[in-house]
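Student: Got a predicted model here, sequence first, then my questions.
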Amino acid sequence: MKRYSFRLERFLKLKRYVEREWEQRLAYISGICLEIENRIAYMGGEINRVMLEENPGGNTEIEEIDINELISREMYIYRLNSKISELQDELAKRREELQEVREKYLAASRERKVLEKLKEKKETEYYRLQKLDEIKTIDDLNNAKWAVISSK
């Protein structure tokens, strides 16, 4: 039996390639979003650590707290908060980009799946017709053999 050859196979390969490209873009942007989320979480933890630090200067007596040390801590916390705000803005932009890429990936995936379903359908039909032709040929051979035997 002859193997089935899908005439749109090149087109299907192209669709698979396009889908893989969008999948890689999706993974890349997801990685960026995850990295930004981790940086935000780290900075939030750093703020908590600095705020919970009881004795910033390492002194054991409360009267000897250095005002410069307190100011430095506050400025550090302020800088971390502003950096978190910037990262949250960037994360929001990246999530929008992620959504757009996800939609394009889903569209490419849908297109590929449609072609694969068509291929499967055509292949099933091809093999069904091949089987019928094979049965017909066997019947013709049997009938011819019977005709030869009957004519003797």
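Tutor: Sure thing, it's come through.
Student: Isn't Glu123 up against Arg3?
Tutor: No. When contacts are counted by C-beta atoms under 8 Å, Glu123 is not listed as touching Arg3 (9.7 Å). Heads up, the C-betas are built off the backbone N, CA and C, glycines and all.
Student: The two - which one has more neighbours?
Tutor: Using other C-beta atoms under 10 Å as the criterion, Glu123 and Arg3 rank with Glu123 on top: 14 against 8.
Student: ok, so what distance separates that one from Glu19?
Tutor: Distance, Glu123 to Glu19, by C-beta to C-beta, to the nearest Å: 20 Å.
Student: hey, which helix or strand in this protein has the poorest pLDDT?
Tutor: helix 67-151 (a mean of 92; mean pLDDT, DSSP states H and E).
Student: Output the contacting helices and strands for it.
Tutor: helix 9-52 (3 or more C-beta pairs under 8 Å, 6 or more residues apart in numbering; DSSP states H and E).
Student: Just give me how far the helix it packs on sits from the chain centre.
Tutor: Put simply, helix 9-52 sits 9 Å off its chain's centre (C-alpha atoms, centre = their mean, to the nearest Å).
Student: who's in contact with the spatially most central residue of the chain?
Tutor: In the chain, the residue lying closest to the centroid (C-alpha atoms, centre = their mean) is Glu23, at 4.5 Å. Neighbour list for Glu23: Tyr105 [criterion: C-beta atoms under 8 Å, 6 or more residues apart in numbering].
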